[in-house]
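Peer 1: below are the sequence and a predicted model for it; my questions follow.
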Amino acid sequence: MMNSNNKRKNILVFLIISILVVLLSYSQTLNVIPGQLTLAEGDDFAYDFKSPFLVSIKADREGVISLLSQKMGVTSASTLDVGLTNPFSLKSLKQGCVNLRMNLFGLIPVKTMEINVVPSREVIACGNTIGVKIRTKGLLVIGVSDVEDLSGNKNFPAKQTGIKPGDLILQANGNDLVSINDFIEQIDNSGGQNINLSIKHGDEVLNKYIKPVKSSDDNKYHLGLWVRDSTAGIGTLTFYDPGTKSFGALGHGITDLDTGKIMPVKDGEILESTILSVKKGKQGAPGELKGIFMEQRKRLGAISKNSEFGIYGSLDDNAASRIEGKLYPIALKSQLREGPAKILSNIDGSDVREYDVQIQKVSRQKLDSAKGMVIKVTDPELLSLSGGIVQGMSGSPIIQDGRIVGAVTHVLVNDPTRGYGIFIEKMMKNTVSTNVQNLEKVS
């Protein structure tokens, strides 16, 4: 009797372990399948489904995609059974949204994948270096300090009021603050009386009263605040839409050097720039493009958005004729592959050139990231000029298989020949044009 009970227990333990092994293998397999996928009309997406058991794949509506089992040679409008190492592929038929439900043995739900089919689009890939100037929406607090009064005592008016680096000062005594000079004028005219500040802290707007202190340094009133109202730099224009004139650049946001926060944009502009020299990148010391902005008449466009995925806006009417570029179809992340590619960049300050790179890794789960792929510079000329990727190259378009697939965003400090790139799909979703609504279905 005891032997019989032990035998049952052993069988039960074996079954439990077997089930856990199967579930573990499935979790690893299914994690590779994206939860969301965007396809252009007429495009295919293939997946090598490594499953030891039968999995039923069913679409919740017909006509948007077709399913194909490559080994079995079976095509279905809405349902497919796959197993073992049986590759399957999807073909997009028309615009729309469809959910693919995957059931183990046709019964146990294991995965749902949302697929959006969108119109194919083309943009002008650029690679021109540009000057970037932005003005903040309010005054950005970058630091707080003490103020020594006429008696030699140290006061901390800003700190005691609860103002912190990263806060935005929007108004003083009900007056909008456009520049630092506006703020200084309000402080000078306060006569030492409380100033009512409208401050944005995170997503919250607060009213705070702060009392200026007359400083022993210059006999003027101070609040113990360090603020910034603008910033400028050099970057690379990634693309513009020839139909709407909307553009995207950099591939990452402009952050404040002191706080590390994305700077909120009131307005800004991109301008023609001239590269003066290239500081070559070395291990542990990133390189840099050094340049200057041209005069005001060389403005190219207006900036209206600064996000973690780049800067966006609209070109001026006459700007397109002054920008080098070529029309390319947009590659969705499902169309990227690891392998050779090109980047477009203006390193020597004259013309935009193509340089060879290798896409070493594509993180298909990281659409909401400016680091969706890892690239390595392999072009001997670019390595000789800059040592690889340098500051100022952010936004350089990445071209693969005749499509624009993304843009350079970051350099690896310990290896300047390697860096990160953002998917062009993500940049297109951030453009200010209203024509991107179909791409916005997937984020």
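Peer 2: Now that the structure is in, tell me what you want to look at.

Peer 1: quick one: the strands in the stretch 201-350 of the chain, in order.
Peer 2: Assigned by DSSP state E, counting those that start in this stretch, the stretch 201-350 of the chain shows strands spanning 204-210, 213-214, 221-222, 225-240, 246-249, 265-279, 288-293, 299-307, 310-315, 326-329, 339-345.

Peer 1: most tightly surrounded among those strands?
Peer 2: strand 246-249 (a mean of 28; mean count of other CB atoms under 10 Å). All C-beta spots, glycine's among them, are computed from the backbone N, C-alpha and C.

Peer 1: hmm, who's touching that strand?
Peer 2: The contact list for strand 246-249, computed with CB atoms under 8 Å, 6 or more residues apart in numbering, reads 130, 132, 235-241, 270, 301, 310-315, 395, 407, 427-428, 430-433.

Peer 1: give me the distance from that strand to the chain's centre.
Peer 2: In terms of CA atoms, centre = their mean, to the nearest Å, the gap separating the centre of strand 246-249 from the centre of its chain is 13 Å.

Peer 1: elements contacting the one helix or strand Lys426 maps to?
Peer 2: According to DSSP states H and E, Lys426 maps onto helix 424-429. Under the contact criterion of 3 or more CB pairs under 8 Å, 6 or more residues apart in numbering; DSSP states H and E, helix 424-429 touches strand 225-240, strand 403-412.

Peer 1: direction included, what does the longest one pair against?
Peer 2: Which is strand 225-240. Taking DSSP bridges as the criterion, strand 225-240 sits next to strand 122-125 (antiparallel), strand 129-144 (antiparallel), strand 246-249 (antiparallel) in its sheet.

Peer 1: ok, which of those strands comes nearest Asn196?
Peer 2: Of all these, strand 129-144 sits nearest to Asn196, with 14.7 Å by CB to CB.

Peer 1: before we move on, back to that, any idea which of the strands paired with strand 225-240 gets closest to Lys266?
Peer 2: Here strand 129-144 is closest among the strands paired with strand 225-240 (CB to CB), at 4.2 Å.

Peer 1: now do the closest one, average pLDDT.
Peer 2: Strand 129-144 carries an average pLDDT of 92.

Peer 1: what's the next helix or strand along the chain from that strand packed up against?
Peer 2: Counting by DSSP H and E, the next helix or strand C-terminal to strand 129-144 is strand 147-148. Counting contacts by 3+ CB pairs under 8 Å, 6+ apart, strand 147-148 packs against strand 154-155.

Peer 1: related to what we said a few turns ago, now render the strands paired with strand 225-240 as JSON lines, adding distance to Asp218.
Peer 2: Output for the strands paired with strand 225-240, formatted as JSON lines (distance: least, CB to CB, whole Å):
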{"stretch": "strand 122-125", "distance to Asp218": "52"}
{"stretch": "strand 129-144", "distance to Asp218": "19"}
{"stretch": "strand 246-249", "distance to Asp218": "41"}
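
Peer 1: just these: most buried one?
Peer 2: strand 246-249 (a mean of 28).

Peer 1: can you report how many residues lie near Val110?
Peer 2: 18 (other CB atoms under 10 Å).

Peer 1: quick one: it is in a strand?
Peer 2: Yes. Using DSSP: H, G, I helix; E, B strand; the rest coil, the assignment for Val110 is a strand.
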